[in-house]
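Novice: Quick one: sequence and predicted model below, then my questions.
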Amino acid sequence: MSDGSRNQDTPPDDEAALSARLQRLGDRLAQADRPSEQETGARQTANNAAGFARGFRLSSELVAGVLVGAMIGWLLDRWLGISPWGLIVFLLLGFAAGVLNVMRAAGVIRDPNRND
């Protein structure tokens, strides 16, 4: 055709250069994302152990707060004879303290006693 239209089978030069750049970028990203096989096993084991340790610490913070609150409430009930109000109040306070400790340990809120 003599009207100056290009052949549809070959892309223009700028489009070919862009495709080549995108291909090189994709190759570099694939290599950067892919850790070596030896590092993957050791790193995954370390991440799993650290995750289990963190989960155990956070769950023990919550359980300890609830148990201590319940124990204090039960002792107050026995000592003062106000059953079940001491247990109810201190169980709720222990739960609130446990949640606060979990949030501090997880880093959601800042501990006012630490100077970072």
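Specialist: Thanks, I have the structure now. Residues are numbered from 1 along each chain as shown.
Novice: pLDDT at residue 60, what is it?
Specialist: Note on residue 60: pLDDT of 96.
Novice: actually residue 82, not the one I wrote
Specialist: For residue 82, the predicted pLDDT is 91.
Novice: dump the residue contacts of the residue nearest to residue 68 when sequence neighbours are not counted.
Specialist: Leaving aside its chain neighbours, residue 68 sits nearest to residue 94 (5.6 Å; criterion: CB to CB, 6 or more residues apart in numbering). C-beta coordinates here come from the backbone N, C-alpha and C atoms, glycine included. By CB atoms under 8 Å, 6 or more residues apart in numbering, residue 94 lies in contact with 65, 66, 67, 68, 69, 70, 72, 73.
Novice: Can you flag the buried ones in those?
Specialist: Buried subset of those (neighbour count, 16 or more other CB atoms under 10 Å): 65, 66, 69, 70, 72, 73.
Novice: element containing residue 46?
Specialist: helix 37-80 (DSSP states H and E).
Novice: so is the closest residue in space to residue 67 that isn't next to it in sequence in a helix, a strand, or just coil?
Specialist: Of all residues not flanking residue 67 in the chain, residue 94 sits nearest, at 7.1 Å (CB to CB, 6+ apart). The three-state label for residue 94, taken from DSSP: H, G, I helix; E, B strand; the rest coil, comes out as helix.
Novice: how close does the residue nearest to residue 68 get to residue 88?
Specialist: Distance from residue 94 to residue 88, counting by CB to CB, to the nearest Å: 11 Å.
Novice: so what sits against both of those two?
Specialist: residue 73.
Novice: quick one: low-confidence parts of the protein?
Specialist: 1-11, 33-42, 116 (pLDDT under 70).
Novice: could you dump stretch 46-62 to PDB, C-alpha only?
Specialist: What follows is stretch 46-62, C-alpha atoms only, in PDB (Å, rounded to 0.1, in the frame of the first residue of the first chain):
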ATOM      1  CA  ALA A  46      13.800 -19.600  61.600                       C
ATOM      2  CA  ASN A  47      10.600 -17.700  60.600                       C
ATOM      3  CA  ASN A  48       8.400 -20.600  61.800                       C
ATOM      4  CA  ALA A  49      10.200 -20.800  65.200                       C
ATOM      5  CA  ALA A  50      10.100 -17.100  65.700                       C
ATOM      6  CA  GLY A  51       6.400 -17.000  64.800                       C
ATOM      7  CA  PHE A  52       5.600 -19.800  67.200                       C
ATOM      8  CA  ALA A  53       7.600 -18.100  70.000                       C
ATOM      9  CA  ARG A  54       5.800 -14.800  69.300                       C
ATOM     10  CA  GLY A  55       2.400 -16.500  69.300                       C
ATOM     11  CA  PHE A  56       3.100 -18.300  72.500                       C
ATOM     12  CA  ARG A  57       4.200 -15.100  74.200                       C
ATOM     13  CA  LEU A  58       1.200 -13.200  73.100                       C
ATOM     14  CA  SER A  59      -1.300 -15.900  74.100                       C
ATOM     15  CA  SER A  60       0.400 -16.300  77.500                       C
ATOM     16  CA  GLU A  61       0.200 -12.600  78.100                       C
ATOM     17  CA  LEU A  62      -3.600 -12.700  77.600                       C
END
